[in-house]
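Participant: heads up, no residue letters with this:
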Ligand SMILES: [Zn+2]
């Protein structure tokens with residue numbers, strides 16, 4: 001099998017980078033549609049909305065779900081306006097919808113994330129849902145976004161829970177890439193992992209440990225500091241390249257399992273993925289030292305340590321078994337952890353990760 005890695009065309013992160021959007025659009029085409037959520041729309045500079053600029057940039061409000069219905073609306077708008085560039089501005093669902101719609105239209109896509117809660121902006125795959133939010137499928141694009149433009153003055157305004165959830169998604173990157181390399185499993189690019197994928201995934205983890213807490217504090221205080229810059233890059237760029245080129249394993253499989261129970265729907269993707277990391281560590285027999293490091297990190301930034309913190313009761317045996325079966329189904333990325341992963345093993349890991357978390361919380365930071 002080939003070693004394969006995918007990357008976005010350009011990644012730009014800094015203060016007021018939104019002001020570069022118009023020049024970037026011009027590099028790729030002459031008529032752009034900006035697909036923006038209601039919140040993201042407020043970040044678009046007023047001058048872009050005035051004539052004569054408004055003739056070359058048209059705003060299309062996102063409908064709220066990355067569904068086939070919404071994708072059709074965006075496609076119709078691209079045709080009607082004869083747009084040759086699409087800009088996706090907002091959270092994960094807008095980003096995904098823009099990536100798919102641009103791929104179908106055969107035009108470049110520029111991504112302007114307004115929150116750092118997932119690693120969707122840099123990748124070349126996206127998830128579609130039914131209009132009422134049920135997972136449908138993963139859609140792989142021909143290429144990754146042409147540009148990912150990160151404006152720190154927008155990012156710092158987002159509630160810190162988004163940043164923390166993004167750290168949860170980023171936390172999985174190293175552990176899943178490591179498992180894929182150890183088991184020679186296929187990554188999200190359809191090949192084996194490269195050194196670049198592995199090392200960027202590890203760098204992502206190191207940055208989380210070093211700057212996670214400080215970045216959360218900066219975000220809470222509205223300060224664009226060094227730590228926030230490091231963590232935004234880890235959440236969006238390093239985690240994005242890391243998961244796609246390193247591969248997925250237990251954490252995302254357990255996330256998918258958790259989504260089976262409606263009680264978990266109030267929690268963000270990255271929060272559930274973080275719990276998946278903890279359960280995954282118990283599947284692959286991590287050392288006490290590693291467990292304490294990861295549980296300690298989760299505790300320090302406010303990621304979940306127990307099932308209760310992702311909306312699942314540890315006494316709901318039937319529910320836990322449903323999660324375990326979904327996580328361990330055929331084709332699940334959990335099998336990238338190695339052979340012999342069964343629903344029973346996942347069930348045990350869910351219980352063990354929860355009791356380790358409780359013990360950890362009760363003993364002030366060490367269960368080993
Ligand atoms: Zn993820």
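Facilitator: Arrived safely, thanks for sending. Just so we're clear, the structure is a prediction, and the values are computed from it rather than from any experiment.

Participant: hey, where'd the helices end up in the stretch 201-350 of the chain?
Facilitator: Along the stretch 201-350 of the chain, counting by DSSP state H, counting those that start in this stretch, helices occupy 226-233, 239-246, 250-258, 269-283, 288-301, 317-327, 343-362.

Participant: Compare the ones you listed and give me the one nearest residue 201.
Facilitator: With Cβ to Cβ, the closest approach to residue 201 among the helices of the stretch 201-350 of the chain belongs to helix 239-246: 3.6 Å. Glycine gets a C-beta too; all of them are placed from N, C-alpha and C.

Participant: Which strands and helices lie in contact with the closest one?
Facilitator: helix 160-182, helix 195-221 (3 or more Cβ pairs under 8 Å, 6 or more residues apart in numbering; DSSP states H and E).

Participant: Of the ones you listed, which stretch is the most buried?
Facilitator: Comparing the helices and strands packed on helix 239-246 by mean neighbour count (mean count of other Cβ atoms under 10 Å), helix 160-182 comes out on top with a mean of 26.

Participant: tell me what it is packed against?
Facilitator: If you count contacts as 3+ Cβ pairs under 8 Å, 6+ apart, helix 160-182 packs onto helix 195-221, helix 226-233, helix 239-246, helix 250-258, helix 269-283, helix 288-301.

Participant: Now tabulate these in a markdown table and tack on mean pLDDT.
Facilitator: Below are the helices and strands packed on helix 160-182 laid out as a markdown table (pLDDT from 0 to 100):
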| stretch | mean pLDDT |
| --- | --- |
| helix 195-221 | 98 |
| helix 226-233 | 98 |
| helix 239-246 | 97 |
| helix 250-258 | 96 |
| helix 269-283 | 98 |
| helix 288-301 | 97 |
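
Participant: and residue 87, which of those helices is closest to it?
Facilitator: Judging those by Cβ to Cβ, what sits closest to residue 87 is helix 239-246, at 17.8 Å.

Participant: contacts for that closest one?
Facilitator: With Cβ atoms under 8 Å, 6 or more residues apart in numbering as the test, helix 239-246 has contacts from 4-8, 119-125, 166, 169-170, 172-174, 176-178, 180-181, 187-189, 193-194, 196-198, 200-201, 204, 252.

Participant: Next one: the closest residue to residue 280 other than its chain neighbours from residue 273, what distance?
Facilitator: Counting by Cβ to Cβ, 6 or more residues apart in numbering, residue 280 lies nearest to residue 250, which is 3.2 Å off, once chain neighbours are set aside. Distance, residue 250 to residue 273, by Cβ to Cβ, to the nearest Å: 10 Å.

Participant: Tell me which residues touch residue 230, please.
Facilitator: 207, 210, 211, 215.

Participant: what's near enough to touch the third one?
Facilitator: By Cβ under 8 Å, 6+ apart, the contact list for residue 211 reads 226, 227, 230, 231, 234.

Participant: Low-confidence regions, this protein specifically.
Facilitator: Applying pLDDT under 70 to the chain flags residues 52-54, 365-368.

Participant: Okay, residue 119 and residue 8: tell me how far apart.
Facilitator: To residue 8, residue 119 is 11 Å away according to Cβ to Cβ.

Participant: Report the separation between residue 345 and residue 336.
Facilitator: As for residue 345, its distance to residue 336 is 14 Å (criterion: Cβ to Cβ).

Participant: Please say which of those two ends up with more neighbours.
Facilitator: residue 336 (24 against 17; other Cβ atoms under 10 Å).

Participant: so what's the more buried one up against?
Facilitator: Taking Cβ under 8 Å, 6+ apart, we find residue 336 in contact with 176, 179, 180, 183, 185, 186, 247, 248, 249, 250.

Participant: which one of those sits closest to residue 363?
Facilitator: Nearest member of the contacts of residue 336 to residue 363, counting by Cβ to Cβ, is residue 250, at 25.2 Å.

Participant: From what I see, that closest one and residue 337 are in contact.
Facilitator: Yes. Residue 250 is within contact range of residue 337, at 5.2 Å (criterion: Cβ atoms under 8 Å).

Participant: Find residues that contact each of those two.
Facilitator: Common neighbours of residue 250 and residue 337, using Cβ under 8 Å, 6+ apart, are 179, 280, 283, 284.

Participant: What distance do you get for the closest residue to residue 307 other than its chain neighbours to residue 222?
Facilitator: What sits nearest to residue 307 in space, not counting adjacent residues and going by Cβ to Cβ, 6+ apart, is residue 354, at 4.6 Å. Distance from residue 354 to residue 222, counting by Cβ to Cβ: 35 Å.

Participant: Can you measure across stretch 217-233, start residue to end residue?
Facilitator: End-to-end span of stretch 217-233 (Cα to Cα, to the nearest Å): 16 Å.

Participant: Export the contacts of residue 336 as CSV, with columns for distance to residue 27.
Facilitator: Formatted as CSV, the contacts of residue 336 follow (distance: Cβ to Cβ, whole Å):
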residue, distance to residue 27
176, 34
179, 39
180, 35
183, 41
185, 37
186, 34
247, 32
248, 33
249, 37
250, 41
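
Participant: Need the max-distance pair from those.
Facilitator: Checking the contacts of residue 336 with Cβ to Cβ, the most distant pair is 186 and 250, at 15.3 Å.

Participant: So which of the two has more stuff around it?
Facilitator: residue 250 (32 against 17).

Participant: Now do the contacts for the more buried one.
Facilitator: Shown in contact with residue 250 (Cβ under 8 Å, 6+ apart): 175-176, 179, 276-277, 279-280, 283-284, 327, 333-334, 336-337, 341.

Participant: now, among those residues, which is nearest to residue 307?
Facilitator: Taking those together and measuring to residue 307 by Cβ to Cβ, the closest member is residue 279, at 9.1 Å.
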